[in-house]
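Participant: Here is my input, please return the structure:
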Amino acid sequence: MNPPVLAFNFLPVRFSAEEFEGGLIKFESPEQLADLRAKLADSHVVAKTRTGIACIPVQADTDAHGTPTTFQTRDHRSLTMRLIQEALLRSVLGWGYKLRRRSPPVFVSRLAGRDLLEPSVRGRRQEALGRLHVYPEYRLDGRTIGPSNHPGVIVGVKSRYEIDMTVDELIHQGLDVRGLYVLSEDATSKPDPRMDHHAARRAVGAVDHVDGTDLVLRDAPGATRIPASNAWLESRRETFDDVVRALAGADGARILKELEQKTFDLLGAFGRYEGAVNIASRLGRLGHLQVAGDLSVTIEPPVGSSNGKKVSGTYYQSPTFQFDQAGDKTSRSADRGLDEYGPFDVEFFAKKRPRIAVVTPRAHKGIVETFLSKFLHGISGERTFGLGFIRKYHLSGSDVSLHPFDGATTDADAYREACRRALLSGDIDLAIVITSEAQAHLTGDNSPYLVAKSAFMGQGVPVQDVRIETVRLSKLAYPLNSIALACYAKLGGIPFVIAAPRALTHELVIGIGSAHVKESRLTAPERVVGITTVFSADGNYLLSNTSREADYDDYPRELLRSLTDCIDLIKNRNAWQKGDELRLIFHVFKPLKDIEAAAVKELVERLTQTYAKVEFAFVHVSTEHDWVMFDRASAGVNRGAGGRAKGHYVPERGHAVPIGQRELLVSVGGPMDLKSALHGVPKPLLLKLHRQSTFTDIEYLGRQAFRFTSMSWRNMYPSRIPVTILYSDLIAELLGQLRHVRNWNADVVTTKLRSSRWFL
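Facilitator: You can find the predicted model right below:
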């Protein structure tokens with residue numbers, strides 16, 4: 001394997017001077033700041049700083065506004081990047097583009113030849129298909145520091161699907177628009193000539209039915225009736241594809257296949273890299289970019305490119321999986337280790353003959369029986385899951401009872417009654433419920449999936465749902481392997497652990513995740529928080545505690561309660577002594593505000609009365625960013641005869657590159673993790689350490705987070721985020737949804753289901 005040549009979609013900037021001039025005004029109110037920005041919009045960049053409001057003239061001959069002040073670029077990095085971002089905005093407008101968003105600048109390239117769909121539809125029903133478009137959309141986001149330890153600009157790119165025909169025109173083309181979400185424009189708002197006209201369209205609801213020339217909407221926060229001539233279909237990918245098929249007829253499949261290739265050429269790793277190089281070249285041709293007064297910057301090539309600044313990183317090895325307490329039974333593969341040794345807790349797992357109830361619509365009884373036989377006893381001749389659930393997890397057998405019912409896969413009441421009958425038939429350790437993709441959009445008491453979860457979990461029985469579409473697959477080995485892993489964990493088992501570096505400090509890792517629970521697309525969401533705790537003991541990472549869900553406003557209180565309970569439990573289990581050192585590491589779903597850290601500090605103050613030293617780290621774990629990591633030495637894998645390699649320019653899992661002192665990028669999806677040769681480039685994991693953290697070893701924290709991506713008991717593959725966040729998100733999402741099922745009692749997850757990983 002060639003040594004990696006890491007590169008990024010990050011363009012460093014070089015300043016022409018170390019300082020710039022401007023005015024400074026005392027900050028009095030947000031209204032004052034807004035007024036100044038409006039008043040000086042054409043001549044100054046106005047921004048709030050630590051010392052007041054800075055008013056920086058764009059041109060050198062512009063009069064100062066406020067007390068004349070000299071600003072150092074190294075001391076005012078956020079202000080400096082604001083100046084750069086405003087200069088980029090002016091450049092984008094100067095190129096002739098309209099803006100979809102001002103800060104950071106986002107624009108769509110609709111120049112000739114940039115429409116990815118146009119070559120495939122040229123000459124074919126041009127009147128209709130010619131008004132469907134897929135354009136590149138770019139985002140230029142300034143950063144105070146990057147992988148080269150220089151300030152610069154991240155180049156983000158995505159595909160923008162657009163349907164320029166009104167709903168009225170689509171109806172006349174024969175399209176059934178019922179159930180589809182639509183956009184509309186506010187006729188009373190004054191258009192901004194600098195803004196893209198598509199940016200003014202907002203989702204207003206889903207079409208319930210058509211009444212003459214009007215659309216009658218459901219899930220509509222505002223008006224429930226709008227003219228079809230003033231509405232456009234929301235251009236989600238699935239809706240866009242349906243429109244192409246409807247308008248193109250027999251040519252639809254070919255057009256969409258060609259579009260997939262064109263989209264990959266834009267969004268695949270190599271395409272994104274080339275795009276960043278091209279943007280850098282275009283900005284570079286501008287020469288010195290004037291940002292304020294006499295201060296200008298030069299945009300340099302992407303970090304790691306052939307002409308750019310070099311960057312070096314660290315490679316994290318995949319963790320070792322452990323299958324016994326002594327550490328004698330280990331493997332680099334969780335699946336192979338389970339086949340060879342059995343689960344970690346094989347000697348003390350209590351439910352050696354689990355009682356399993358299976359609930360299924362009667363129409364699927366035969367195929368479900370065949371599926372269950374393969375689940376329990378394995379697939380003969382297959383290397384993957386040849387042992388089956390019983391032998392792979394060293395069980396003595398199982399008692400399976402089938403509970404077929406009359407009703408469709410969308411009949412929640414039928415599911416509720418079938419679950420009730422199953423519970424009355426005898427004691428149950430695990431329920432398997434056959435669901436369907438047809439019910440995926442249903443919520444609350446209308447959802448068979450949630451109703452079944454509520455019925456069984458309310459009696460302390462964990463549930464594994466399996467979609468009938470999965471049951472019907474011809475190749476079942478890999479899905480069954482993951483289902484069996486989750487089932488064992490839901491029964492309270494520990495399939496495997498990963499080795500933790502032995503340290504002198506007791507360590508707890510707490511995951512705080514969230515979910516937005518909505519009854520429908522456009523209703524206001526409930527933000528629900530879930531909390532997971534992982535601890536290290538005897539060289540292993542073990543899941544210890546899961547909390548109830550909490551409303552976002554209440555989660556600091558729930559976090560404090562959960563941590564206190566967990567620490568007391570582990571302290572007694574591990575016989576911690578007075579004077580021992582303790583480290584708390586928090587993986588959080590969003591950057592913590594100082595006020596949100598108060599709950600943890602309160603706990604730390606209590607703990608310092610018992611332990612000699614307590615240190616903590618707040619780590620924001622994110623995949624919601626524009627960073628992309630490339631490996632220019634990666635040729636990809638699985639190149640067939642005349643075929644395309646999968647993962648060209650995609651780095652292997654485990655490459656880590658620091659961004660300054662408190663941020664780290666870690667690649668968590670390599671070429672082998674891609675589903676196909678046309679799969680886009682995986683996003684790296686971004687770790688950001690909060691400034692109030694007292695434990696600041698970002699290298700240690702990065703390695704730990706990476707190990708946690710391999711610890712999931714949900715399937716046999718590494719996840720893209722650490723289980724601390726993954727499990728917390730699953731807890732928040734499921735418990736948030738169960739809130740809307742009648743008679744659900746959330747306390748059961750901390751009592752009867754405490755030892756089960758019920759949320760998998």
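Participant: Flag every buried residue along stretch 140-148.
Facilitator: Neighbour counts over stretch 140-148 (16 or more other CB atoms under 10 Å) mark 140-148 as buried. (C-beta placed from N, C-alpha, C; glycine too.)
Participant: Let me fix that, I meant to ask about stretch 263-272.
Facilitator: Using 16+ other CB under 10 Å as the burial criterion, the residues of stretch 263-272 that qualify are 263-264, 266-272.
Participant: among those residues, which are in helices?
Facilitator: Mapping the buried residues of stretch 263-272 onto helices (DSSP state H) picks out 263-264, 266-267, 269-272.
Participant: ok, and the helix or strand in this structure with the lowest average confidence?
Facilitator: When the helices and strands of the chain are scored by mean pLDDT, DSSP states H and E, strand 540-546 comes last with a mean of 59.
Participant: ok so, going back, between the ones in helices among the buried residues of stretch 263-272, which is nearest residue 405?
Facilitator: The closest of these to residue 405 turns out to be residue 263 (CB to CB; 43.4 Å).
Participant: ok, the closest one touching residue 134?
Facilitator: Yes: counting by CB atoms under 8 Å, residue 263 does reach residue 134; the two are 6.8 Å apart.
Participant: so what sits against both of those two?
Facilitator: 116, 159 (CB atoms under 8 Å, 6 or more residues apart in numbering).
Participant: Tell me which stretches of the stretch 201-350 of the chain form strands.
Facilitator: For the stretch 201-350 of the chain, strands defined by DSSP state E, counting those that start in this stretch occupy the ranges 201-211, 214-218, 225-227, 231-233, 289-292, 295-299, 314-315, 321-322, 330-331.
Participant: Identify whichever of these lies nearest to residue 658.
Facilitator: Counting by CB to CB, residue 658 lies closest to strand 314-315 out of the strands of the stretch 201-350 of the chain; the figure is 8.5 Å.
Participant: just the helices in the stretch 501-650 of the chain please.
Facilitator: Counting by DSSP state H, counting those that start in this stretch, the stretch 501-650 of the chain has helices at residues 555-574, 598-607.
Participant: before we move on, back to that, what is the nearest of the buried residues of stretch 263-272 to residue 574?
Facilitator: Among the buried residues of stretch 263-272, and counting by CB to CB, the member closest to residue 574 is residue 269, at 44.9 Å.
Participant: check contacts around the closest one.
Facilitator: 628, 630, 634, 647-650, 680-681.
Participant: How confident is the prediction for it, by pLDDT?
Facilitator: Residue 269 carries a pLDDT value of 91.
Participant: Distance check, it against residue 130.
Facilitator: Distance from residue 269 to residue 130, counting by CB to CB, to the nearest Å: 31 Å.
Participant: for residue 11, helix, strand, or coil?
Facilitator: At residue 11 the chain is in strand, as set by DSSP: H, G, I helix; E, B strand; the rest coil.
Participant: tell me the contacts of it?
Facilitator: Going by CB under 8 Å, 6+ apart, residue 11 touches 152-155, 276, 279-280, 283, 299-303.
Participant: min pLDDT across the residues you listed, which one?
Facilitator: pLDDT across these is lowest for residue 283, at 85.
Participant: pLDDT of stretch 604-618, averaged?
Facilitator: 76.
Participant: I meant to write stretch 226-241 there.
Facilitator: 92.
Participant: how long is that stretch from one end to the other?
Facilitator: 24 Å (CA to CA, to the nearest Å).
Participant: Run the chain-centre distance for it.
Facilitator: Distance, stretch centre to chain centre, for stretch 226-241: 26 Å (CA atoms, centre = their mean, to the nearest Å).
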